[in-house]
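S.K.: below are the sequence and a predicted model; questions follow.
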Number of protein chains: 2
Amino acid sequence: MARIVNTVLADKVMSAEEAARFINPGDNVGMSGFTGSGYPKAVPTALANRMEAAHDAGEDFSIGLFTGASTSDELDGALAKAKGVHFRTPFNTDPDMRAAINNGDVDYLDAHLSHLAQQVWFGFYGNLNVAVVEVAAILPNGLLVPGASVGNNKTWLDLADKVILEVNEWLPNEIEGFHDIYYGTHIPPHRNPIQILDPAQRIGDPYLRVDESKVVAVVKTNSPDRDNKFNPVDEKSEAMANYLIDFLRSEVKNDRLPKNLLPLQSGIGNVANAVLAGLQESEFRNLTSFTEVVQDNLLSLLEEGTFTSVSATALSLTREKAQYFNDNVEKFKGRLLLRPQEMSNHPEIVRRLGVIGINGMVEADIYGNVNSTHITGTKIVNGIGGSGDFARNAFLNFFVSPSTAKDDAISSIVPFASHVDHTEHDTQVIVTEQGIADLRGLSPIKRARRIIDNCAHPNFRDRLTDYLDRAVAADPGGQHTPHILEEALSWHINLRENGKM
Amino acid sequence: MARIVNTVLADKVMSAEEAARFINPGDNVGMSGFTGSGYPKAVPTALANRMEAAHDAGEDFSIGLFTGASTSDELDGALAKAKGVHFRTPFNTDPDMRAAINNGDVDYLDAHLSHLAQQVWFGFYGNLNVAVVEVAAILPNGLLVPGASVGNNKTWLDLADKVILEVNEWLPNEIEGFHDIYYGTHIPPHRNPIQILDPAQRIGDPYLRVDESKVVAVVKTNSPDRDNKFNPVDEKSEAMANYLIDFLRSEVKNDRLPKNLLPLQSGIGNVANAVLAGLQESEFRNLTSFTEVVQDNLLSLLEEGTFTSVSATALSLTREKAQYFNDNVEKFKGRLLLRPQEMSNHPEIVRRLGVIGINGMVEADIYGNVNSTHITGTKIVNGIGGSGDFARNAFLNFFVSPSTAKDDAISSIVPFASHVDHTEHDTQVIVTEQGIADLRGLSPIKRARRIIDNCAHPNFRDRLTDYLDRAVAADPGGQHTPHILEEALSWHINLRENGKM
């Protein structure tokens, strides 16, 4: 079946190189892409080539780059290597882009994933010049069948002056019907309640809309997303998953959670995968997920029936699983909805549904302040992503990390967080392979004892207790959150100087 | 008119001393009270006396104390002085209670004001044994006319095993009709959208409900709330207010805000008062407020017409203004709604309405991380209150503070926040009497330059710039958020050691 059957837009088909000419130096460009899926495959590389040619000719050429979340080497990597980005938001995992940010070549704004779209609508980021969005097809009436991620595509298409569409024939025709694009959003004071009562509930259309007159180019591609590999479940992640699932079991037993829990959100990575693997082997059934990203395991558990429905904004699959999805797409229809990230992460919906949020972290301090983003307080890793959207508004939130990193050189439990992304007011449960610390209802000092005793690695536990004891002894009038300010960041200084804490 | 006309409850009338006997050592007690208004006037003192007698007899007697927010010397003060509280949440401003917390005598849990009620419902705080709630009247059908604050009263009345009501005849009969008590809340997965589209919209009843069989005592009082004085507007607060109002004016001019703005939330204090005074003198009209607390000025501006409607959870008035309100209550009916704090601060509603949040702070670091709660990272001041509920979900948020404190000994702009309550991902605009820093769309380094240049006091500006310059020079690979960890907290150490930064 032809993918570009709208006659107006069929006339706009051209090469990626030709399309990239519509992007000018200094433009703000909104591109599709969320956790390595649904990003444009051809135009970014063509644009990077154009930039390099311009730079070779002594001309400036860089853009402000807005996406859904992380993309791939073909997008963030290519543009970073071309030194073609002066501003980047809201999330990145590409190593070249990360290096460019940490070297000071790129201004990076690390934003809550539910915030960016609305703030672009509010006019806080200036004009959006161009949208570059991958879709699966253009229908005769001009409606767009979205691809493997939705991200901020609705907003980019609505707001950009010019639109470049990439139509990726690698995506199956049958992906039509998997999306829920809500066109009821407004700017205050004209907003209405978002009437989602259940993760599987559709409130919008399966299509993205675009003003045909803004479309300057349509580029055909036929290319899979990057191979979104994940680390296999190891002993530590299995231990963390077991603590977490036992905790959920105990909450059910104590009548604080329904038997089929509440909608689960889990971040990316092998702990998330271990939790899913653990749930599959557990007694839990009829689960639902209200989350950002669908990785291999969640798709398997949806197919196999442990989960009845999943709401997300992106698929993020291995090459093999993506092919499987393409070949078996009808198995998932009606049970998997991909929404704009404004909706998948919306505080209103997260709080209403009572999501159980499970997110990774770099470190937590003894009082439960969580650093999700920075190494030694200065270097960005990826970004906060949706962890703040979910953790703040969750029914129950978990922050998970191995208790150490780099062969036990680094403790993920520290006296004082070198950067705070989630505050003591928000953190509820911390999990490491050492154990689980339920912080609900506890004052800071009680939290500290529990985190140190239950979660810190034995190699660091005594030093943490010693720090806390001395902090308590040092300042009789500062017993709410005792600290020895002179030592508070010494573990991070040690790490920077000596490679270990 | 009689205030206790329900026959069942009229039989329960007794003295405060008798009522206090229903509270046992170790109980969790939910009391009314929000920003010094609507707290019980008689039972807490009687309870404190009971506790002191028990302590004199060598017996333990302390309770877990839950309120709406801050109360008064008659409640927090009396119980703290009696050493009768082992756990306190979610907010306190009483100096005796603060001292008890900072001395380690009281475990304090500093919680988002929109979070506590639901988390007690979720069972995260254990059983609530007793509710002590001030009301204005008990109607023949047993419905309760709420008083000058709503706070968490609905939740305490619903969940407590035993209920003690204080009926305060000082409140006018005509306060009936000012409240909007929403009984549509549920625990996930049974929650529905909250259908508020406008600050003035009523979605609930004017009455609190109580299961009569749980009411163990009714105590009559006739006593005003504490005199909620505020500092007069001074030169600095006027300067901050002018920067802020000019900023709003510029946003309107640039079509980023409607002419009558969006619903305003403002914290307590003289900056908030200066902003209101400035708005009165400005061209802005037909304003609305979706906020926690109504202080004198907001009530005046509502009467005078600058504001058309106000939603809050509490009045917090001077004695004089409270008397004026009592004498002129009909002037405000239909234009002022008092709701449970779960609703007044609800993320869903705050984001939908697009609230403009204005909150004070202790300090901000150069990257925009805001400390609202701690002195030198260890001593609690009051608590986060509703600032997180509003700032995170606001259309636009402002954090305001004089650039210095204690005769310029302390800078409110510091290299590194000694505690973080609002993260760099949330802070949008910082205001001091020196100027205003619009941080929207800026990377950390650009934020730092702007905060230092626009907001820091001249006495500290060069040192901050020097810190930033040296941090940038020190770590070529840590340019996202440059810091010199060895110096990051040195300003706070200086303050602790030498009384100045």
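M.R.: Received it, and whenever you're ready, just let me know what you need. Numbering: from 1, shown residues only, chains lettered A, B, ... in the order given.

S.K.: chain B contacts on the stretch 151-300 of chain A?
M.R.: Contact residues, the stretch 151-300 of chain A versus chain B (CB under 8 Å from any CB of the partner chain): A:187-189, A:191-195, A:197-198, A:254-256, A:258, A:262-263. (Each C-beta comes from the backbone N, C-alpha and C, glycine too.)

S.K.: from B:L489, how far out is A:L489?
M.R.: Using CB to CB, to the nearest Å, one obtains 7 Å as the distance from A:L489 to B:L489.

S.K.: which residues are in contact with each of these two?
M.R.: Residues touching both A:L489 and B:L489 do not exist when contact is defined as CB atoms under 8 Å, 6 or more residues apart in numbering or on different chains.

S.K.: ChimeraX command to pick out the buried ones of the residues of the stretch 151-300 of chain A next to chain B?
M.R.: Typed into ChimeraX, the line below selects the buried ones among these, using 16 or more other CB atoms under 10 Å in any protein chain shown:
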select /A:188,189,191,193,194,256,262,263
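
S.K.: so which of the residues of the stretch 151-300 of chain A next to chain B comes closest to B:G33?
M.R.: Among those, A:R256 lies closest to B:G33 (CB to CB), at 27.5 Å.

S.K.: does the closest one touch B:V120 like I think?
M.R.: No. A:R256 is not in contact with B:V120 according to CB atoms under 8 Å; the separation is 11.8 Å.

S.K.: taking the stretch 151-300 of chain A, what residue is nearest to chain B?
M.R.: A:P188 (2.4 Å; CB to the nearest CB).

S.K.: once you drop chain neighbours, what's closest to that residue?
M.R.: Spatial nearest neighbour of A:P188, excluding adjacent residues (CB to CB, 6 or more residues apart in numbering or on different chains): B:G354 at 2.4 Å.

S.K.: now swap in A:S223 and tell me
M.R.: A:S223 sits nearest to A:K41 (CB to CB, 6+ apart), 4.3 Å away.

S.K.: the one you found reaches A:E169, doesn't it?
M.R.: No. Checked against CB under 8 Å, the pair A:K41 and A:E169 is beyond contact range at 10.8 Å.

S.K.: what touches both of the two?
M.R.: Common contacts of A:K41 and A:E169, defined by CB under 8 Å, 6+ apart, comprise A:T221.

S.K.: those two: which has the busier surroundings?
M.R.: Legend: neighbour count by other CB atoms under 10 Å in any protein chain shown for A:K41 and A:E169, higher for A:K41 (22 against 16).

S.K.: and for A:T318, the neighbour number?
M.R.: Other residues near A:T318 come to 16 when the count uses other CB under 10 Å.

S.K.: give the contact list for it.
M.R.: Contact analysis of A:T318 by CB under 8 Å, 6+ apart lists A:227-230, A:296.

S.K.: could you find the lowest-pLDDT member of the residues you listed?
M.R.: Lowest pLDDT of those: A:F230, 82.

S.K.: and A:E497, which of the three is it?
M.R.: What DSSP: H, G, I helix; E, B strand; the rest coil gives for A:E497 is helix.

S.K.: what's the burial count for it?
M.R.: 10.

S.K.: state the distance from it to chain B.
M.R.: According to CB to the nearest CB, to the nearest Å, A:E497 and chain B sit 10 Å apart.

S.K.: what's downstream of the helix or strand hosting A:I436, the next helix or strand?
M.R.: According to DSSP states H and E, A:I436 maps onto strand A:435-438. Remark: after strand A:435-438, the chain's next helix or strand is helix A:444-455, criterion DSSP H and E.

S.K.: so how far is that next one from its chain's centroid?
M.R.: Relative to the centre of its chain, helix A:444-455 is centred 29 Å away, using CA atoms, centre = their mean, to the nearest Å.

S.K.: that one packs against which elements?
M.R.: strand A:413-414, strand A:429-432, strand A:435-438, helix A:458-474 (3 or more CB pairs under 8 Å, 6 or more residues apart in numbering or on different chains; DSSP states H and E).

S.K.: please repeat the previous calculation with a cut-off of 10 Å.
M.R.: Here helix A:444-455 touches strand A:363-365, strand A:413-414, strand A:429-432, strand A:435-438, helix A:458-474, strand B:107-108, going by 3 or more CB pairs under 10 Å, 6 or more residues apart in numbering or on different chains; DSSP states H and E.

S.K.: can these go into CSV with extra columns for mean pLDDT?
M.R.: Shown next, in CSV, are those (pLDDT from 0 to 100):
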stretch, mean pLDDT
strand A:363-365, 98
strand A:413-414, 98
strand A:429-432, 98
strand A:435-438, 98
helix A:458-474, 98
strand B:107-108, 98
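
S.K.: what is the end-to-end distance of stretch A:96-107?
M.R.: Using CA to CA, to the nearest Å, one end of stretch A:96-107 lies 14 Å from the other.

S.K.: with stretch A:424-437 instead?
M.R.: Stretch A:424-437: ends 13 Å apart by CA to CA.

S.K.: report the buried residues of that stretch.
M.R.: A:424-437.

S.K.: next, A:F325: phi, psi?
M.R.: Per-residue torsions, A:F325: phi -60, psi -50 (degrees, to the nearest 10).

S.K.: state the distance from it to chain B.
M.R.: From A:F325 to chain B the distance is 28 Å (CB to the nearest CB).

S.K.: one step back: quick one: the residue nearest to A:P188 and B:L197 touch, right?
M.R.: No. B:G354 is not in contact with B:L197 according to CB atoms under 10 Å; the separation is 11.5 Å.

S.K.: quickly list what's touching both of these two.
M.R.: A:189-191 (CB atoms under 10 Å, 6 or more residues apart in numbering or on different chains).

S.K.: which of these lies closest to B:F398?
M.R.: Nearest to B:F398 among the shared contacts of B:G354 and B:L197, counting by CB to CB, is A:P189 at 18.7 Å.

S.K.: return the residues in contact with that closest one.
M.R.: Contacts for A:P189 (CB under 10 Å, 6+ apart) come out as B:197-199, B:258, B:260-263, B:288, B:352-354, B:395.

S.K.: and if you look at A:Q434?
M.R.: A:236, A:239-240, A:243, A:402-404, A:413, A:453-458, A:461.

S.K.: state the pair within those residues that is farthest apart.
M.R.: Across the contacts of A:Q434 (CB to CB), the longest gap, 18.6 Å, separates A:K236 and A:D453.

S.K.: neighbour count for the two, which is higher?
M.R.: Counted by other CB under 10 Å, A:K236 and A:D453 do not tie: A:K236 has more neighbours, with 18 against 14.

S.K.: what angle separates the helix or strand harbouring that one from helix A:444-455?
M.R.: With secondary structure defined by DSSP H and E, A:K236 is part of helix A:235-253. Orientation of helix A:235-253 against helix A:444-455 (axes from the mean of the first three to the mean of the last three CA atoms, to 10 degrees) gives an angle of 130 degrees.
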